[in-house]
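**Q** No sequence on hand, only this structure:
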Ligand SMILES: CC1=C(/C=C/C(C)=C/C=C/C(C)=C/C=C/C=C(C)/C=C/C=O)C(C)(C)CCC1
Ligand SMILES: [Fe+2]
């Protein structure tokens, strides 16, 4: 690999990286100075030798500066890579327990003319700012329950207070730590699973602009007993619309069966409109967890997992369910529902073997010779139908079981849903899971193939033994093979595919992924997607926590 270093401030002496000494240096290059804002001074604030850096809270509120490039960035790569994820797990007296609980940390790498600048910054959500001002977390996160909540007494008044908190969304987190997306009108939002967490950010400065407020009243603000405070963390965003799934929790207070609303919001609007409602088949009271879902040209596929929202945990925000905010109820059945985008009607609803798919990869229609769809094929990262993956993602496991082979097995699950009224769907592994080390999550595809028949997916896989995915895998769904990128001790985040402008081959582009290296330190890796080989890496001057999902904003031509 040829290495060409930019003379950046990020390669300045270590002392410069200490937040206590940020003000004295000026840029030797004439470029913008790196800026540090410490979260809090830490004894080892200058050290990058932390093997658990992926699971260590960000040390600085924000930083920006030039990044050193090793290798050759493609000249066509012009735009901004954004990544979101949980990055601060300790505030005041609170030490979170689960990976999903951390406060949102944004990372940016902008590529232009073979060079790179970068930044990272905490999202100023009410959850984060109130935790800082109270000296402890006060919102309910995925696993974290506010500790001083007196509601464990189960007295009626406390229950009513919790229910009001649920309806108004004041107790559930507003920490948008999962995904980031640019709407087609240019607004950039960070999201998580509460509708109130959706936050507008500035993709250049990573500053928090404010809440993204839905004006439709669907989330319970203006209509009492409209229990729709939750959403999928992964909306499907196109040039014309934003589409998502809201678990309908109204069955908590009515006799109605639980279900899901599919909603759509036009570009430029803040008003979601209901496309249709899917009724749950299983579960006496609660819908299955819906972190993501899949769409095809004509349909929305709504998953109903046997891993269901816990009613007890939701209405009593200091109560934990068997899987944090979720209950695993295999006997309640696992289903996939297919809704027609145009009519909102449910056109298929099939029972399938138990699955635990947090991230769906893609879906497409099988068609008859006259173009009529006959089946929907849906691919997802399936943790072999076992919610144990959620326990593997506690911070204790991640920090202390490094090198132990404790990561539960996962595969690419391929579901086939016939559209002929059959009651059952089919489920098989799309390829031998050994191809990708029996780990599979954090996936992306070429966005031009969303909802269409496709061949390649990029995801995190494993070289065992490991307690977290440690490879980046390119999955070939036609040849049923996988290629992998790996280095000892690395922790990669979602590998994100960016197509070369004008490309016609599905894998003509790069895969961008931010990686935590063995002894600490973070870099953004750029792989040639076709050969699946490294072409460049862009180093941050200090380590960043491992994040989740990414997004690409191309420069205006
Ligand atoms: C589920 C409820 C809630 C919160 C949910 C949240 C914040 C979920 C976040 C999920 C994430 C970040 C999933 C990432 C998965 C990564 C995987 C599987 C990687 C695997 C590697 O092998 C509340 C809103 C707090 C309460 C209601 C229920
Ligand atoms: Fe996700």
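**A** Looks like it came in fine. Just so it is clear, the model here is predicted, and its values are computed rather than measured. Ligands and ions are numbered 1, 2, ... in the order given.

**Q** list the contacts for residue 373?
**A** 296, 298-299, 365-367, 419 (CB atoms under 8 Å, 6 or more residues apart in numbering). Any C-beta I mention is one placed from the backbone N, CA and C, and that applies to glycine too.

**Q** do residue 107 as well
**A** 82-85, 118-120, 514, 544, 547.

**Q** hmm, back to that, can you put the contacts of residue 373 in TSV and add pLDDT?
**A** What follows is the contacts of residue 373, written out as TSV (pLDDT from 0 to 100):
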residue	pLDDT
296	98
298	98
299	98
365	98
366	98
367	98
419	98
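
**Q** picking up where we left off before, which one among the contacts of residue 107 gets closest to ligand 1?
**A** Using CB to the nearest ligand atom, residue 85 comes nearest to ligand 1 of those, at 7.7 Å.

**Q** Which elements pack onto the helix or strand containing residue 524?
**A** Applying DSSP states H and E as the criterion places residue 524 in strand 522-528. If you count contacts as 3 or more CB pairs under 8 Å, 6 or more residues apart in numbering; DSSP states H and E, strand 522-528 packs onto strand 509-516, strand 533-539.

**Q** Figure out which of those strands is closest to residue 207.
**A** strand 509-516 (20.2 Å; CB to CB).

**Q** now the closest one, how far from the centre of its chain.
**A** How far strand 509-516 lies from its chain's middle: 15 Å, per CA atoms, centre = their mean, to the nearest Å.

**Q** Now do it: which elements does it pack against?
**A** strand 103-112, strand 471-476, strand 491-492, strand 496-499, strand 522-528, strand 550-554.

**Q** again, 6 Å this time
**A** When contacts are defined as 3 or more CB pairs under 6 Å, 6 or more residues apart in numbering; DSSP states H and E, strand 509-516 sits against strand 491-492, strand 496-499, strand 522-528.

**Q** Can I get those in JSON lines including mean neighbour count?
**A** Below are the helices and strands packed on strand 509-516 laid out as JSON lines (neighbours: other CB atoms under 10 Å):
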{"stretch": "strand 491-492", "mean neighbour count": "25"}
{"stretch": "strand 496-499", "mean neighbour count": "23"}
{"stretch": "strand 522-528", "mean neighbour count": "23"}
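
**Q** now, which of the contacts of residue 107 lie within strands?
**A** Among these, DSSP state E puts 82-83, 118-120, 514 in strands.

**Q** Tell me which two in the residues you listed are the farthest apart.
**A** Checking those with CB to CB, the most distant pair is 119 and 514, at 12.5 Å.

**Q** So which bits of the stretch 451-557 of the chain are right by ligand 1?
**A** Residues of the stretch 451-557 of the chain lying close to ligand 1 by CB under 6 Å from any ligand atom are 469, 548.

**Q** Closest residue of the stretch 451-557 of the chain to ligand 1?
**A** For the stretch 451-557 of the chain, CB to the nearest ligand atom, closest residue to ligand 1: residue 469, 4.7 Å.

**Q** related to what we said a few turns ago, same list, the ones in strands among the contacts of residue 107, but as a markdown table with pLDDT and neighbour count please.
**A** Shown next, in a markdown table, are the ones in strands among the contacts of residue 107 (pLDDT from 0 to 100; neighbours: other CB atoms under 10 Å):
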| residue | pLDDT | neighbour count |
| --- | --- | --- |
| 82 | 98 | 26 |
| 83 | 98 | 26 |
| 118 | 98 | 28 |
| 119 | 98 | 23 |
| 120 | 98 | 25 |
| 514 | 98 | 27 |
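
**Q** circling back to that earlier point, so which of the helices and strands packed on strand 522-528 is the most packed in?
**A** strand 509-516 (a mean of 26; mean count of other CB atoms under 10 Å).

**Q** quick one, it and strand 103-112 angle?
**A** Counting by axes from the mean of the first three to the mean of the last three CA atoms, to 10 degrees, strand 509-516 points 140 degrees away from the direction of strand 103-112.

**Q** Could you list the contact residues of the stretch 251-400 of the chain toward ligand 1?
**A** 289, 291, 309, 314, 325-326, 358, 389.

**Q** want to throw the residues you listed into JSON lines with secondary structure?
**A** Shown next, in JSON lines, are those (DSSP: H, G, I helix; E, B strand; the rest coil):
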{"residue": "289", "secondary structure": "coil"}
{"residue": "291", "secondary structure": "coil"}
{"residue": "309", "secondary structure": "strand"}
{"residue": "314", "secondary structure": "helix"}
{"residue": "325", "secondary structure": "coil"}
{"residue": "326", "secondary structure": "strand"}
{"residue": "358", "secondary structure": "strand"}
{"residue": "389", "secondary structure": "helix"}
